[in-house]
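J.: what follows is a predicted protein model with its sequence.
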Amino acid sequence: MHITLTVNGEQRSAEAEPRTLLVHFLRDQLGLTGTHWGCDTSNCGACVVLVDGEPVKSCTMLAAMAVGHEVRTVEGLERDGELDPVQQGFIEAHGLQCGFCTPGMMLTARALLDADPNPTDDAIRTAISGQICRCTGYKNIIAAVRWAAHAEAGAAGAGGSDPEAVSA
Amino acid sequence: MQVPAPFDYARAANVDEAIGLLERLGPEARLIAGGHSLLPMMKLRLATPEHLIDINPLQDALAYIREEGGEVRIGALTRHRDLLASDLLASRFPIIRDAEQLIADPPVRNRGTIGGALCQADPSEDLSAVCAALGAVAVIRGRGDERVVDMTEFHQGPYETAVGEAEMLVEVRIPVREHHGSAYQKVKRRTGDWATAAAGVALWFEGSDVAAAGIALSAVNPTSVRSTRAEEALIGRPPSDEAFAEAARLAAEDCRPVSDQRGPAEYKRHLARELTHRALRRATERALGA
């Protein structure tokens, strides 16, 4: 079947079988390999993308089911050469080691900050609780999300926070 | 790589169209909502439908939570995320938020629906026990008619429900009564896992006595059934720790856990007893403000 999706704000089309899972459609048909393919069983969360702004495990959604919805992948975080504050946060707070879980983690962080610009550590932990970091670097992931929250609050002039002051 | 067996895909634009497609395509057709029960089964080839009918376009018609006519009505396509977030449900039936906080994980809850969860009829599924404890009913629609089935008859066995061919679950109704308290207690090995055992309890009081009780366990029976003897042990008596202990003992005695990778049967029976006891205490605290 012919599948047309809105991915990172652009219309993208390809031929695929109805059984094609969203993760494979993104990676194999559209060449967007930033979305990682991990456990295949909706456990690990490496394949998380945003569908209409909400984190979704793309190994457990048919590409056909995403027709008519907005899909956002890690490739869509950076805008006009500027890293998203979440991406910058992962750099600043060493939020990754091997990097396999990072695209999914960053998209969940983006969705969290869009809904709650100043989340508590508990809210961050809950948000990423469906995603596994096999390097077990969770502490720095939480610090990275907090860095992004501070940076965005600073950019909005809503508190004059100092991202450098964030510590794990 | 796990990929479902080939199938034809169709989208339904409304409930009648979904039922019409089921009717036309026959028993090898399945509805797909959130897909978080069905797609994993299809990837393992435990389910091999020839046709999938996507009902996600029915979101506007079948995703709602509203109180009317002395009951709370929940549309079958309501997602776990919305059940968790609903303040109406949390105030009327706190058992629902208890359970939802522990169902799968946030991205899964963004997709999974109450209708899908109930229709999957997994013996370890949580909302089945929650709905059974609350005395909910399921509204099942077929061509031109609608029938209402009590939750105790909805689940007919593991992965078997009262939903027939060319029918679909469209709504869950939960009766609202005052002086109510409810709670869900669950033990699972890690985030995202199914319950090792869980207990759902709903109590209604008249004066200081228990007037009605719903107790349903998850993961310790072939399907979620009410623990009738345990319920009867509470009715007409004031709540007390002794009465709760007795009801919990009966609930554990009547359940039929099996040993598996989540633990031996006797451990699960122990959990059933302890979790029932704790849920009874919590439900009573909530009802009586103790």
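T.: Structure's in. What do you need? Numbering: from 1, shown residues only, chains lettered A, B, ... in the order given.

J.: give me the nearest residue to whichever residue of chain A sits closest to chain B, chain neighbours excluded.
T.: With C-beta to the nearest C-beta as the measure, A:Gly130 is the residue of chain A nearest to chain B, at 2.6 Å. For every residue, glycine as well, the C-beta is placed using N, CA and C. Distances taken as C-beta to C-beta, 6 or more residues apart in numbering or on different chains put B:Asp105 closest to A:Gly130, at 2.6 Å, once the chain neighbours are dropped.

J.: show me where the stretch 101-250 of chain B has helices.
T.: B:106-109, B:114-120, B:126-133, B:151-154, B:228-234, B:241-254 (DSSP state H, counting those that start in this stretch).

J.: if we can go back for a sec, tell me which element the residue of chain A closest to chain B is part of?
T.: Counting by DSSP states H and E, no helix or strand carries A:Gly130.

J.: about what we covered before: ok, the residue nearest to A:Gly130 to B:Ile53 distance?
T.: 27 Å (C-beta to C-beta, to the nearest Å).

J.: so of the helices of the stretch 101-250 of chain B, which one's packed in deepest?
T.: helix B:126-133 (a mean of 30; mean count of other C-beta atoms under 10 Å in any protein chain shown).

J.: using PDB, list the CA coordinates for that helix.
T.: What follows is helix B:126-133, C-alpha atoms only, in PDB (Å, rounded to 0.1, in the frame of the first residue of the first chain):
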ATOM      1  CA  ASP B 126      -5.600  -5.100  35.400                       C
ATOM      2  CA  LEU B 127      -8.700  -3.300  34.100                       C
ATOM      3  CA  SER B 128     -10.600  -6.500  33.900                       C
ATOM      4  CA  ALA B 129     -10.200  -7.000  37.700                       C
ATOM      5  CA  VAL B 130     -10.900  -3.300  38.300                       C
ATOM      6  CA  CYS B 131     -14.100  -3.400  36.200                       C
ATOM      7  CA  ALA B 132     -15.200  -6.600  37.800                       C
ATOM      8  CA  ALA B 133     -14.700  -5.300  41.300                       C
END
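
J.: by contact count, what packs against it?
T.: Helices and strands touching helix B:126-133, by 3 or more C-beta pairs under 8 Å, 6 or more residues apart in numbering or on different chains; DSSP states H and E, are helix B:94-100, helix B:114-120, helix B:151-154, strand B:180-188, strand B:195-206, strand B:209-218.

J.: close to chain A, is the fifth one?
T.: So the one you mean is strand B:195-206. No - counting by C-beta under 8 Å from any C-beta of the partner chain, chain A is not contacted by strand B:195-206; separation bottoms out at 15.9 Å.

J.: could you check the angle that strand makes with strand B:209-218?
T.: 160 degrees (axes from the mean of the first three to the mean of the last three C-alpha atoms, to 10 degrees).

J.: now do strand B:195-206 against helix B:126-133, angle only.
T.: Using the same axes, to 10 degrees: strand B:195-206 against helix B:126-133 is 20 degrees.

J.: next, count neighbours for A:Thr4.
T.: 12 (other C-beta atoms under 10 Å in any protein chain shown).

J.: please tell me I have it right and it contacts A:Arg12.
T.: Yes - counting by C-beta atoms under 8 Å, A:Arg12 is a contact partner of A:Thr4 at 7.1 Å.

J.: residues touching A:Thr4, list them.
T.: Taking C-beta atoms under 8 Å, 6 or more residues apart in numbering or on different chains, we find A:Thr4 in contact with A:Gln11, A:Arg12, A:Ser13, A:Val67.

J.: go with 10 Å
T.: Contact analysis of A:Thr4 by C-beta atoms under 10 Å, 6 or more residues apart in numbering or on different chains lists A:Gln11, A:Arg12, A:Ser13, A:Ala14, A:Ala66, A:Val67, A:Gly68.

J.: I'd like the distance between the fourth one and A:Asp40.
T.: This points to A:Ala14. Applying C-beta to C-beta to A:Ala14 and A:Asp40 gives a distance of 21 Å.

J.: likewise A:Ile128?
T.: 20 Å.

J.: what's the neighbour count on B:Arg66?
T.: Neighbours of B:Arg66 using other C-beta under 10 Å come to 10.

J.: excluding chain neighbours, give the residue nearest to it in space.
T.: Per C-beta to C-beta, 6+ apart, closest to B:Arg66 is B:Arg73, 5.6 Å.

J.: would you say that neighbour is within a helix?
T.: No - checked against DSSP: H, G, I helix; E, B strand; the rest coil, B:Arg73 lies outside a helix; its state is strand.

J.: return the residues in contact with it.
T.: Neighbours of B:Arg73 in contact, by C-beta under 10 Å, 6+ apart: B:Tyr64, B:Ile65, B:Arg66, B:Glu67, B:Val139, B:Glu171, B:Val172, B:Arg173, B:Ile174.

J.: for ChimeraX, write the select line for the buried members of the residues you listed.
T.: Selecting only the buried entries of the contacts of B:Arg73 in ChimeraX, with 16 or more other C-beta atoms under 10 Å in any protein chain shown as the criterion:
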select /B:65,139,171,172,173,174
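
J.: need the max-distance pair from the contacts of B:Arg73.
T.: B:Glu67 and B:Val139 (15.7 Å; C-beta to C-beta).

J.: give me the neighbour count for residue 96.
T.: Using chain A. A:Leu96: 20 neighbours (other C-beta under 10 Å).

J.: you answered for a different chain; I wanted chain B.
T.: 28.

J.: before we move on, what about the one 3 residues further on?
T.: By other C-beta under 10 Å, 29 other residues sit near B:Ala99.

J.: residue contacts, the closest residue to chain A within chain B?
T.: As assessed by C-beta to the nearest C-beta, chain A sits closest to B:Asp105 within chain B, at 2.6 Å. Counting by C-beta under 10 Å, 6+ apart, B:Asp105 makes contact with A:42-43, A:45, A:55, A:57, A:126-131, B:191-193.

J.: dihedrals phi and psi, it?
T.: phi -150, psi 170 (degrees, to the nearest 10).

J.: over to B:Arg30?
T.: Per degrees, to the nearest 10, the backbone of B:Arg30 is at phi -130, psi 150.

J.: now it. Nearest residue, chain neighbours left out?
T.: For B:Arg30, the spatially nearest residue (C-beta to C-beta, 6+ apart) is B:Pro49, at 4.0 Å.

J.: let me see the confidence value for residue 131.
T.: All of this is about chain A. As predicted, A:Gln131 sits at a pLDDT of 97.

J.: that answer is for a different chain, and I need it for chain B
T.: Predicted confidence (pLDDT) for B:Cys131: 97.

J.: who's in contact with the residue nearest the centre of chain A?
T.: Nearest residue to the geometric centre of chain A (C-alpha atoms, centre = their mean): A:Leu107, 1.4 Å. Going by C-beta under 10 Å, 6+ apart, A:Leu107 touches A:34-35, A:45, A:48-50, A:53-56, A:72-74, A:76-77, A:84, A:86, A:131, B:107.

J.: which ChimeraX command selects the buried ones in the residues you listed?
T.: Typed into ChimeraX, the line below selects the buried ones among those, using 16+ other C-beta under 10 Å:
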select /A:34,35,45,48,49,50,54,55,56,72,73,74,76,77,84,86,131 /B:107
